[in-house]
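S.K.: Predicted structure and sequence below. I'll ask about it afterward.
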Amino acid sequence: MHDSQYIQYSVAHGVATLTLNRPDKLNSLMGAMMLELFSALGTAAQDDAVRVVVLTGTGRAFCAGQDLADPAMSPKAGSSAPADIGDVVDTFYSPLVRRLRAMPKPVVCAVNGVAAGAGANIALACDIVIAVQTASFIQPFCKLGLVPDAGGTWLLPHLVGRARAVGLALLGDKLSAEQAAQWGLIWKSVAPANFESEVASVARSLADGPTLGFVRTREAIDAAATATLDAQLDLEAAMQRELGNSQDYAEGVKAFMGKRPPVFVGK
């Protein structure tokens, strides 16, 4: 366990669990908290003992988004001009989402409660999102005259299509975890009694799997959003060329031929 002020960090059985730990504020985000999260993700990325990352929250919320009381959201001392929210996004949110999408191992988000604003979009930037049935997803930016950030304007239409993305963004309605799963916004909605065991089961499955292949699969699917079919076919061939020379592929073939479970190493 390597805890910082706002992020709990632990590793067990190849799974690094990063827990947002500001429950009295519904895990709303501040600059210092995001820097700690960014650092924790970097630690997990560089640790060979970590095979998968789980991101979750303490208390009754996953993350309520940006804390508007954060000093970064206030005008600079002696200035009458409003805070530069674009600078906040450039400094904290965009690098955080880029790090999540570039993690060299799978990332599971366990949404334990409400996920609102940037908190929702940080969750959606993860590879697999599992939410407890009592959780909800909200895009409240419209209530403040803003646009969805933390990748929201890219993630929403790619996950649920333009019509639903625009509806969620312009109306700011609360979307239940069950509806989010039905729409394809997240992977699965799980009953509270089964939530922790389901997250642990998925994390273990990923940790035991060919993580290099998992990461390349994510990269290929992300690339498809802007690629032509021809470009995607070329990318698939290049990735199969790389993965076909990996230790995991050799082990997978040996295990299949030997009718035994494979032991993957992520290389």
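M.R.: That came through fine.

S.K.: and Ala115, what helix or strand is that in?
M.R.: strand 114-116 (DSSP states H and E).

S.K.: contacts for that strand?
M.R.: 26, 60-65, 123, 131, 135-140 (CB atoms under 8 Å, 6 or more residues apart in numbering). All C-beta spots, glycine's among them, are computed from the backbone N, C-alpha and C.

S.K.: Give me the average confidence score over the next helix or strand after that strand.
M.R.: Remark: after strand 114-116, the chain's next helix or strand is helix 118-124, criterion DSSP H and E. In this model, helix 118-124 has an average pLDDT of 97.

S.K.: One more: stretch 147-156?
M.R.: pLDDT averaged over stretch 147-156 gives 96.

S.K.: and it, how far apart are its ends?
M.R.: 12 Å (CA to CA, to the nearest Å).

S.K.: likewise stretch 4-13?
M.R.: First residue to last in stretch 4-13 (CA to CA) measures 21 Å.

S.K.: which outside residues touch that stretch?
M.R.: 1-3, 16-22, 30, 32-33, 36-37, 39-40, 43-44, 47, 49-50, 58, 204, 207.

S.K.: ok, of the residues you listed, which come out buried?
M.R.: For those, a burial check counting by 16 or more other CB atoms under 10 Å picks out 16-22, 30, 33, 36-37, 40, 44, 50, 58, 207.

S.K.: Quick check: the two most widely separated of the residues you listed?
M.R.: Met30 and Ala207 (30.7 Å; CB to CB).

S.K.: ok, so of the buried ones among the contacts of stretch 4-13, who is nearest Leu185?
M.R.: Leu20 (19.9 Å).

S.K.: so the closest one touches Met33, yeah?
M.R.: Yes - Leu20 is in contact with Met33 according to CB atoms under 8 Å; the separation is 7.4 Å.

S.K.: Domain parsing of this structure, as residue ranges.
M.R.: 7-207, 211-258 (automatic domain parsing).

S.K.: And the longest one, end to end?
M.R.: With CA to CA as the measure, the ends of domain 7-207 fall 22 Å from one another.

S.K.: roughly how far out does it sit from the chain middle?
M.R.: With CA atoms, centre = their mean, to the nearest Å as the basis, domain 7-207 stands 6 Å off its chain's centre.

S.K.: Restricted to helices, list the buried ones among the contacts of stretch 4-13.
M.R.: Met33, Glu36, Leu37, Ala40, Ala44, Ala207 (DSSP state H).

S.K.: what's the nearest residue to the third one if we skip its chain neighbours?
M.R.: With CB to CB, 6 or more residues apart in numbering as the measure, Ile7 is the residue that lies nearest to Leu37, at 5.5 Å, once sequence neighbours are left out.

S.K.: That neighbour bridge partners, please.
M.R.: Leu20 (DSSP bridges).

S.K.: That one: how many residues sit nearby?
M.R.: 22 (other CB atoms under 10 Å).

S.K.: Okay, it and Gln133: tell me how far apart.
M.R.: Going from Ile7 to Gln133 by CB to CB, to the nearest Å gives 26 Å.

S.K.: Please apply the same query to Gly113.
M.R.: 11 Å.

S.K.: between the two, who's got more neighbours?
M.R.: Gly113 (24 against 16).

S.K.: partners of the residue lying closest to the more buried one once chain neighbours are set aside in the sheet?
M.R.: The spatial neighbour of Gly113 that comes closest, neighbours along the chain excluded (CB to CB, 6+ apart), is Ala61 at 4.1 Å. In this entry, Ala61 is beta-bridged to Val114, by DSSP bridges.

S.K.: Pretty sure Asn27 is one of the things Ala61 touches, is it not?
M.R.: Yes - counting by CB under 8 Å, Ala61 does reach Asn27; the two are 5.4 Å apart.
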